[in-house]
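1. can you look at this prediction? I've put the sequence above it.
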Amino acid sequence: MVLKPPSHSPAGEWLAEPALHQRNLTRTRRANAFLRRRGLNAAALLAGNAAAWTATWAFMHAVTPDQNPPQARWATLFILHCVLMYGGKLLPGWGLGIVGELRYTVQLTALLLFGSALSGFLVHQSVARELPHLLLLAVLTPLLLLTRSLIKTLLLRAGVWGVPVVVYGGAATGGRVIRALHDEPGLGYHPVAVYDDAPHRQGTDVDGVPVAGPTSSWTYETPVAILAMPGAPRARQVELLDGPLSVYRSVIVIPDLFDVQSLWARTNDLGGILGVRLNQKLADPVARRTKRLLDLLAVTVTAPFWGPLCLLIGLLIWLEDRRNPLFLQPRIGLGGATFSTWKFRTMVPNAEAVLQERLANDPALRAEWEEHFKLRRDPRITRIGRILRKTSLDELPQLVNVLRGEMALIGPRPLPAYHHDLLPAFVQHLRREMRPGMTGLWQVSGRSDAGNDGMIQHDPYYVRNWSVWLDAVILMRTFRAVIRSAGAY
């Protein structure tokens, strides 16, 4: 959703500001509009929270009627949870991405429920009496995330989620910021105008957002501004911050720090000097071992489900042509080491000969292969193989690779050497820093449709910003991508 710029925007030159009385009236009116929008969004999210808590209470009452917390205690927990969410900037949470929402929701909910369980234990001296809190956490957390997502979707469709923002700077950085905000409307920042000093941009637009004037202009129509001019001299940026940008409630400054960790960056005040702290997750051995432990735990616990399914699929493949149902292919893994991925065979036994024959006779097919290393209408795929690829079940045996320590559940896509070597050197370096994954950010961001450019964009971002929370978001999006069969061929 993109909000249209107001037709009566009071933008003008900073040095020729309107009368003080009129200016204060305008600012008051816009401040009230901002508070109404924030109140509406927060109230809608609180209603979703109340629905999640009510549904959880009903479930707990049915499962553990004798140990379910009393209604008074339940109401207290709900109120405390709402207070914690407000203090954690989750109400309404504009500008907070899905990874941050997941992290803070889980942490705040767990803190509240474990605190409640501890206080109950100190009073009753009974561990068993407080065990239902673990069940409560397992039920309440996904319900909170689900209702929050649903409420945000409804507010977006109604055109009332988030706030309009203006972007100062319409060059490459400003365009990149606007495209990112368009791609992630759930952030709640909707660009409505651009201010830029270049004469050739006046009267044009940047990714559909009109250029409303030079950077000496301002507007009271938006509470948030984004300064996307990292190449401007420091004195010019300070002049803008102290001048036209001072009328905005919040200002987001885009620094000249592209292609570094952004998801977990934090600011530090170093004796009056602004510093940006970048947490190097890959340098933390505890985080790496936690990821590996979670992979082993997930694969082991689910083995009774995927094990028999693998046997059934293998039997169906063998019955089709009486050949080995498994296909092993060398791929580049952690540290550049080569390993063999386990996959169900989805192609005819003489697949390579069939491919070369078709590529030699069809130039368009060869061009598609050289660009994506995949074909939408691949002549090598069997009938069962087409179903397996559409549902991504052909990659189910890679769970064995995860158990062997050659792969992870989530990570960069394992590539053969000929494909890996075509990527830029810095992308190859970053990919070697992690185990390849059965699914990953590239796969859930369009999968094959994203092409090599998507891999160059998403793989470095994942490696630089990797965390357990990002993995959880990718896992949720994987289920959605598989259900939609997005880009799978």
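-> Looks like it came in fine. From a predicted model like this one, the values you see are computed outputs, not experimental measurements.
2. where along this protein do the strands fall?
-> For the chain, the strands defined by DSSP state E occupy 163-168, 189-195, 205-206, 209-213, 224-227, 250-253, 266-270, 273-277, 326-332, 338-344, 408-410, 437-439.
3. return the member of these having the minimum mean pLDDT.
-> Ranked by mean pLDDT, the strands of the chain bottom out at strand 266-270, with a mean of 71.
4. what's that strand in contact with?
-> If you take Cβ atoms under 8 Å, 6 or more residues apart in numbering as the criterion, strand 266-270 is touched by 274, 275, 276, 277, 279. Every residue, glycine included, has its C-beta placed from N, CA and C.
5. same deal with stretch 292-304?
-> 399, 402, 403, 405, 408, 409, 468.
6. please list all residues in contact with the first one.
-> Taking Cβ under 8 Å, 6+ apart as the definition of contact, the neighbours of residue 399 are 299, 306, 438.
7. on that earlier part again, quick one: which of the contacts of strand 266-270 is most hemmed in?
-> Neighbour counts for these, by other Cβ atoms under 10 Å, peak at residue 279, which reaches 15 neighbours.
8. how many neighbouring residues does the residue nearest to that residue when sequence neighbours are not counted have?
-> Excluding the flanking residues, the one nearest residue 279 by Cβ to Cβ, 6 or more residues apart in numbering is residue 264, at 4.6 Å. Residues near residue 264, counting by other Cβ under 10 Å, number 19.
9. wait, which of the contacts of stretch 292-304 is closest to residue 475?
-> Nearest to residue 475, judged by Cβ to Cβ, of the contacts of stretch 292-304 is residue 409 at 7.3 Å.
10. and that closest one, how close does it get to residue 252?
-> Distance, residue 409 to residue 252, by Cβ to Cβ, to the nearest Å: 34 Å.
11. then residue 441?
-> 23 Å.
12. the two: which has the busier surroundings?
-> residue 441 (28 against 15).
13. from the contacts of stretch 292-304, which would you call buried?
-> 399, 402, 408, 409 (16 or more other Cβ atoms under 10 Å).
14. tell me the confidence at the nearest residue to the last one once chain neighbours are set aside?
-> In space, not counting the residues next to it along the chain, residue 409 is nearest to residue 295; the distance is 5.0 Å by Cβ to Cβ, 6+ apart. Note on residue 295: pLDDT of 93.
15. what does residue 397 give?
-> 94.
16. just for the stretch 301-450 of the chain, where's the confidence low?
-> 446-450 (pLDDT under 70).
17. where do the helices sit along it?
-> Taking DSSP state H, counting those that start in this stretch as the criterion, the stretch 301-450 of the chain carries its helices at 303-321, 351-361, 363-372, 383-391, 398-403, 417-420, 425-431.
18. out of those helices, which gets nearest to residue 80?
-> helix 303-321 (37.2 Å).
19. identify each buried residue in that closest one, please.
-> In helix 303-321, counting by 16+ other Cβ under 10 Å, buried: 310, 313, 314, 317.
20. then stretch 437-446?
-> 437, 438, 439, 440, 441, 442, 443, 444, 445.
21. ok, the fourth one touching residue 414?
-> No - at 9.6 Å, residue 440 and residue 414 do not qualify as touching, with contact defined as Cβ atoms under 8 Å.
22. ok, residue 52 to residue 101 distance?
-> For residue 52, the distance to residue 101 equals 14 Å [Cβ to Cβ].
23. same question for residue 184.
-> Distance, residue 184 to residue 101, using Cβ to Cβ: 12 Å.
24. check the buried ones among the contacts of stretch 292-304 and tell me the two furthest apart.
-> Going by Cβ to Cβ, the pair spanning these furthest: 399 and 408, at 11.0 Å.
25. now do the shared contacts for those two.
-> Residues touching both residue 399 and residue 408 comprise residue 438, with contact defined as Cβ under 8 Å, 6+ apart.
26. hang on, the earlier thing: export the strands of the chain to a markdown table and tack on distance to residue 240?
-> Compiled in a markdown table, the strands of the chain are given as follows (distance: least, Cβ to Cβ, whole Å):
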| stretch | distance to residue 240 |
| --- | --- |
| strand 163-168 | 7 |
| strand 189-195 | 9 |
| strand 205-206 | 18 |
| strand 209-213 | 13 |
| strand 224-227 | 6 |
| strand 250-253 | 9 |
| strand 266-270 | 19 |
| strand 273-277 | 16 |
| strand 326-332 | 46 |
| strand 338-344 | 52 |
| strand 408-410 | 41 |
| strand 437-439 | 43 |
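27. among those strands, which comes closest to residue 418?
-> Nearest of the strands of the chain (Cβ to Cβ): strand 326-332, 10.2 Å.
28. next, the angle from the closest one to helix 351-361.
-> In terms of direction (axes from the mean of the first three to the mean of the last three Cα atoms, to 10 degrees), strand 326-332 departs from helix 351-361 by 70 degrees.
29. how about the helices of the stretch 51-200 of the chain, start to end?
-> Under DSSP H, counting those that start in this stretch, the stretch 51-200 of the chain gives helices at 71-87, 98-124, 127-130, 132-158, 172-183.
30. and the fourth one, how far out from the chain's middle?
-> Counting by Cα atoms, centre = their mean, to the nearest Å, helix 132-158 is centred 17 Å from the centre of its parent chain.
31. orientation of that helix relative to helix 98-124 in degrees?
-> Going by the same axes, to 10 degrees, helix 132-158 makes 150 degrees with helix 98-124.
32. mind listing what's buried along helix 132-158?
-> For helix 132-158, by 16+ other Cβ under 10 Å, it's 132-133, 136-137, 139-141, 143-145, 147-148, 151-152, 155-156.
33. can you name every helix or strand that it contacts?
-> helix 20-63, helix 98-124 (3 or more Cβ pairs under 8 Å, 6 or more residues apart in numbering; DSSP states H and E).
34. the last one - contacts with which helices or strands?
-> Think helix 98-124. When contacts are defined as 3+ Cβ pairs under 8 Å, 6+ apart, helix 98-124 packs onto helix 71-87, helix 127-130, helix 132-158, helix 468-484.
35. ok, for residue 77, nearest residue in space, not its chain neighbours?
-> Leaving out its chain neighbours, the residue that sits closest to residue 77 by Cβ to Cβ, 6+ apart is residue 116, at 5.9 Å.
36. that neighbour: neighbour count?
-> 19.
37. repeat for residue 236
-> 13.
38. which residues does it contact?
-> With contact taken as Cβ under 8 Å, 6+ apart, residue 236 is in contact with residue 229.
39. hmm, try it at 10 Å
-> Neighbouring residues of residue 236 by Cβ atoms under 10 Å, 6 or more residues apart in numbering: 197, 215, 229.
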